[in-house]
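K.L.:
Got a predicted structure plus its sequence, pasted below:
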Amino acid sequence: MQRRRLGNSAIVVSDICMGTMTFGSQTNEAEALRILDACFDAGIDFYDTAEGYPVPPDAKWVGRTEDIVGKWLKTKPRDAIILATKVSGPSHVWFRSPKRSGMTALDRRNIMAAVEESLTRLGTDYIDLYQTHWPDHDTPYDEAMEVLDELVRAGKVRINGCSNETSWGLMKSIQAAERLGTVRYQTIQNNFSLNNRRFEDELKQVCRKEGVSLIPYSPIAGGVLSGKYNDGARPEGARFTRYLDMEGRQAEMGRRFVNERSLESTARYAAIAREAGLDPVTMAVAWSKQHDFVASTIVGVSCFDQLEPILAAAEVRLDDETLKAINKVSRDIPYPMG
């Protein structure tokens, strides 16, 4: 397992991070604890959760993921774990956050309430990386940056990051932090995979120029790049099998991830992986890690049996021929997720 620095901070992490968003919904507690133990034994020291997990967002189980992670955290030396969690930002058009009755602006009250609740559920007195979960573009960044700075000064948070942010928003936040003399975002957690390379259009340059690290989520495109949805398959219990049968945001997300073009690109990537002697999942995770603006790739599983090809990516570096073949697919089928 390689290690990389988060932004310009003092924190160095394994280049694979275990995400936990299914723990407590799709993945029961016993299976989640088994997964976490296996990741720790494999050398992963970076774990990501959120106050709004598990998914899909639902008031009946919100916060359960942090409870599970907190229970597991008690079995490990606290300083051996780099723990990341998030405060819910505004819901926008995607979903209504179950936290605080959906009133989740990134203002002082909500951030302070969220951090105290997360510390309690996680059973710890500090969070290594505290992130804003969805941006709040209708509220000046000044208030959020000042509150996040206060949390760092109080010792409750070590560094801060953002999630699902835009180039405009990331630069506005950095500008506010520089003007106010506060802490700034050291990381950005956005969707990035072989099927979704939009981060490379603009945000890549911001990260490189401003010293911000991407910690990408969904490197396997929500499981699509495993090939399990190809040829019209709808695996029982799989996320997008369920989402495509739902309405609203879930159905829209299902169609974004699983469509004719995304399945075509997935099939071509699988052929490249076979030629390279790799599992498609291993290749997808290795590709994500192999970018200079990426610090750690966030992976996720719903069951223990899905771990093996992900962990195998720790020792894989794709050669130039494989990367060239991958880039050709991206040119032939640009933006398969729309």
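P.N.:
It's in.
K.L.:
my read: Asn259 touches Pro336, true?
P.N.:
Yes. Contact status for Asn259 versus Pro336: in contact at 7.3 Å, counting by Cβ atoms under 8 Å. In short, each C-beta sits where N, CA and C put it, glycine included.
K.L.:
quick one, which of those two is more surrounded?
P.N.:
Higher neighbour count among Asn259 and Pro336: Pro336, with 23 against 16, using other Cβ atoms under 10 Å.
K.L.:
Secondary structure element holding that one?
P.N.:
According to DSSP states H and E, Pro336 maps onto no helix or strand at all.
K.L.:
And it, how far from Gly19?
P.N.:
Going from Pro336 to Gly19 by Cβ to Cβ, to the nearest Å gives 22 Å.
K.L.:
now swap in Ile220 and tell me
P.N.:
Taking Cβ to Cβ, one finds Ile220 at 11 Å from Gly19.
K.L.:
Those two: who's more crowded?
P.N.:
Between Ile220 and Gly19, Ile220 has the larger neighbour count (other Cβ under 10 Å), namely 27 against 24.
K.L.:
which residues does the residue lying closest to the more buried one once chain neighbours are set aside contact?
P.N.:
Leaving aside its chain neighbours, Ile220 sits nearest to Ala284 (5.1 Å; criterion: Cβ to Cβ, 6 or more residues apart in numbering). Going by Cβ atoms under 8 Å, 6 or more residues apart in numbering, Ala284 touches 193-194, 219-221, 225, 269.
K.L.:
so how far is the helix or strand hosting Ala284 off the chain centroid?
P.N.:
Element membership for Ala284, per DSSP H and E: helix 280-289. Remark: helix 280-289 is offset 15 Å from the chain centroid, using Cα atoms, centre = their mean, to the nearest Å.
K.L.:
tell me the mean pLDDT for that helix?
P.N.:
Averaged across helix 280-289, the pLDDT comes to 98.
K.L.:
ok, then the element right after it?
P.N.:
strand 297-299.
K.L.:
phi, psi of Ser218?
P.N.:
Main-chain torsions, Ser218, degrees, to the nearest 10: phi 60, psi 50.
K.L.:
thinking it is in contact with Phe192, fair?
P.N.:
Yes. Between Ser218 and Phe192 there is a contact under Cβ under 8 Å: 7.5 Å.
K.L.:
Between these two, which is the more surrounded one?
P.N.:
More crowded of Ser218 and Phe192, by other Cβ under 10 Å: Phe192, with 28 against 25.
K.L.:
The more buried one touches Lys289, doesn't it?
P.N.:
No. Contact between Phe192 and Lys289 fails when scored by Cβ under 8 Å: they sit 10.9 Å apart.
K.L.:
Confidence-wise, which helix or strand of the protein is lowest on average?
P.N.:
helix 239-243 (a mean of 83; mean pLDDT, DSSP states H and E).
K.L.:
For that one, buried residues please.
P.N.:
239-241, 243 (16 or more other Cβ atoms under 10 Å).
K.L.:
Same question for stretch 255-273.
P.N.:
Quick answer for stretch 255-273 (16+ other Cβ under 10 Å): 256-259, 262-263, 265-266, 268-270, 272-273.
K.L.:
Where does confidence bottom out across these?
P.N.:
The lowest pLDDT within these belongs to Arg256, which sits at 90.
K.L.:
OK, contacts around the residue nearest to Lys74 when sequence neighbours are not counted?
P.N.:
Nearest non-adjacent residue to Lys74, counting by Cβ to Cβ, 6+ apart: Gly123, 6.0 Å away. By Cβ under 8 Å, 6+ apart, the contact list for Gly123 reads 70-71, 73-74.
K.L.:
Dihedrals phi and psi, the residue nearest the centre of the chain?
P.N.:
Among the residues of the chain, the one closest to the centroid is Tyr217, at 3.3 Å (Cα atoms, centre = their mean). The phi/psi pair for Tyr217 (degrees, to the nearest 10) reads phi -110, psi 160.
K.L.:
Repeat that for Val55.
P.N.:
Torsion angles, degrees, to the nearest 10, at Val55: phi -100, psi 160.
K.L.:
what does Gly19 give?
P.N.:
phi -90, psi 160.
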